[in-house]
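*Asks:* coords please:
(one chain, ligands or ions: 1)
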Amino acid sequence: MALEPNFLIPWFFLCIAATISSTLFFFRKKPHLFASKKLQNKKKKLPPGEMGIPWIGETMEFYKAQKSNRLFEDFVNPRIIKHGNIFKTKIMGSPTIVVNGAEANRLILSNEFNLVKSSWPSSSVQLMGMNCIMAKQGEKHRVLRGIIANNLGYNGLESLVPKLCDAVRFHLETEWRGKEEISLYRSTKALTFSVVFECLYGIKVELGMLEICERVLDGVFALPVEFPCSRFARAKKARLEIETLLVGKVREKRKEMEEEVERPNTTLFSTLVEALIKGDITEEEVVDNMVLLVFAAHDTTSYAMAMTFKMLAQHPTCRDTLLQEHVQIKANKGEEEHLTVEDVKKMTYSWQVVREAMRLSPPVFGSFRKAVVDIDYGGYTIPKGWKILWTTYGTHYNPEIFQDPMSFDPSRFDKPIQAYTYLPFGGGPRLCAGHQLAKMSILVFLHFVVTLYDWSLVYPDETISMDPLPFPSLGMPIRISPKVS
Ligand code: HEM
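*Replies:* As a prediction, this is how the structure comes out:
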């Protein structure tokens, strides 16, 4: 029998009245409970926003926007307009707070380990390895960071720049010479790969290695399901192949170094193996971090290089100014002479161009953290255990921070930039450990290309896709011809 709604209404009110009176009776007896509950509720005000449909939340909207490289336009910005700079959502199964703005970036990024910890998808951790720096916290992170960042930081650059020059020259000689058209993005990816293997590890890149590593990277953000032929299963198989190769190289290197009387640390690889010999880190830590660095450097540096060229193609005046800078540097060098750190320091305008390209097209859109305590911010509480997403777009595209933000203007970097607003390399204790290497690689590559080649984009309007990092959808083909001197 169906009950008439009219019949239900009195029952409904009767039940409510009974609940209220019994609750009041209970709290008259225990007033402290009532007070503390009220206080807690008052304190824990969640940011505004929508949690979407059960389980899935707003994941589909997030993925759709990401795939078409419109994460800011279609996901972040409409919610900023509706809810403000901090809003809640649910993506990839996790309740998440998205924060935007310099103050929020500072709070989240500078309080790594105190208020938040980095939070990577399970597939990334499984493929990069549990022992890589991005999965480490506290003291373990400090030790690994000391080894990696020291080597890739300013101290290591003196020896790295000549190696970068050799790598770029060799790449242009073998991949560009005699060709009329190349895929710039494929080229920058191959170059970045050989920079990590040959310049940082001293390991010669052999046929097939790049493909194996790309298969690993392909699964880094995939669903961690191991059906045969799933993206993740293929990536795990590839990880095993690269791991086997690296374990062999680490053992060989260890043996070789243990037999030496003096062991000068000439590469990041030898520094890692030295730390292994001393017992500061384990073999798994060496291997996992070697895999991670390929991932960290690969799609990021190559995309920044490609987007710099795209911006130069669209802005001929900037291109001419940049070329002048490199022609002057070249004029003071012998034919076969390497560039030095001092030469690269003179590329000030070029670096402004690259920075502006990364402001408009950041290789990394932001990253996730997890709150380790309740965090009070902006009148709201970010509950312990929730994910937090900070984004580069939140400040890079903000007209109050970067005037006329969608226009390409390298001169905006003539003046110092407010802290925590320009974040292509992140910030705080997890600031990109390879940012100096990335800078040097991009500038050295620019130097040789613009002084040796005339080039133009085949498809000036080529779109950018994301999966989950951005890439030119057609691989950015360019026409090239050697410069006539
Ligand atoms: C243009 C190129 C690059 C960009 C835009 C970039 C961007 C970033 C960002 C945003 C982070 C911080 C992620 C977070 O906060 O969770 C990061 C971390 C990191 N990057 Fe880069 N990166 C680049 C190149 C490189 C290179 C060339 C290397 C080394 C070969 C490298 C090594 C690392 C490492 C090891 C970390 C983790 C640091 C830590 O957890 O302490 N990156 N990178």
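
*Asks:* where does the closest residue to the ligand within the chain fall, phi/psi-wise?
*Replies:* Per C-beta to the nearest ligand atom, Gly434 is where the chain lies closest to the ligand, at 2.0 Å. C-beta coordinates here come from the backbone N, C-alpha and C atoms, glycine included. Main-chain torsions, Gly434, degrees, to the nearest 10: phi -110, psi 20.

*Asks:* distance check, the residue lying closest to it once chain neighbours are set aside against Glu283.
*Replies:* Nearest residue to Gly434 in three dimensions, chain neighbours excluded: Leu152, at 5.0 Å (C-beta to C-beta, 6 or more residues apart in numbering). From Leu152 across to Glu283, the span is 21 Å (C-beta to C-beta, to the nearest Å).

*Asks:* list the residue ranges of the stretch 1-150 of the chain that fall below the pLDDT cut-off.
*Replies:* The model of the stretch 1-150 of the chain has pLDDT under 70 over residues 1-43.

*Asks:* quick one: the helices in it, in order.
*Replies:* Ranges of helices within the stretch 1-150 of the chain are 5-29, 31-43, 59-67, 77-83, 102-110, 122-128, 138-152, based on DSSP state H, counting those that start in this stretch.

*Asks:* for the stretch 201-350 of the chain, same thing?
*Replies:* Using DSSP H, counting those that start in this stretch, helices in the stretch 201-350 of the chain cover 209-218, 231-259, 268-278, 283-314, 316-331, 341-345, 348-360.

*Asks:* show me the contacts for Phe448.
*Replies:* By C-beta atoms under 8 Å, 6 or more residues apart in numbering, the residues touching Phe448 are Cys165, Val168, Arg169, Leu172.

*Asks:* Glu226: which of those is nearest?
*Replies:* Nearest to Glu226 among the contacts of Phe448, counting by C-beta to C-beta, is Val168 at 39.1 Å.

*Asks:* which SS state does the closest one fall under?
*Replies:* helix (DSSP: H, G, I helix; E, B strand; the rest coil).

*Asks:* swap in Ile417?
*Replies:* Ile417 - assigned by three-state DSSP - is coil.

*Asks:* mind putting the contacts of Phe448 into JSON lines with neighbour count, distance to the ligand and pLDDT?
*Replies:* Shown next, in JSON lines, are the contacts of Phe448 (neighbours: other C-beta atoms under 10 Å; distance: C-beta to the nearest ligand atom, whole Å; pLDDT from 0 to 100):
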{"residue": "Cys165", "neighbour count": "22", "distance to the ligand": "16", "pLDDT": "96"}
{"residue": "Val168", "neighbour count": "22", "distance to the ligand": "14", "pLDDT": "97"}
{"residue": "Arg169", "neighbour count": "15", "distance to the ligand": "19", "pLDDT": "97"}
{"residue": "Leu172", "neighbour count": "19", "distance to the ligand": "20", "pLDDT": "97"}
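
*Asks:* before we move on, the earlier item: Throw the helices of the stretch 201-350 of the chain into TSV and include mean neighbour count, distance to the ligand and mean pLDDT, thanks.
*Replies:* Converted to TSV, those look like this (neighbours: other C-beta atoms under 10 Å; distance: least, C-beta to the nearest ligand atom, whole Å; pLDDT from 0 to 100):
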stretch	mean neighbour count	distance to the ligand	mean pLDDT
helix 209-218	18	13	92
helix 231-259	16	15	95
helix 268-278	19	8	95
helix 283-314	22	3	96
helix 316-331	14	18	97
helix 341-345	15	15	95
helix 348-360	21	6	98
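
*Asks:* so which of those comes closest to Pro48?
*Replies:* Closest of those to Pro48 is helix 348-360, at 28.2 Å (criterion: C-beta to C-beta).
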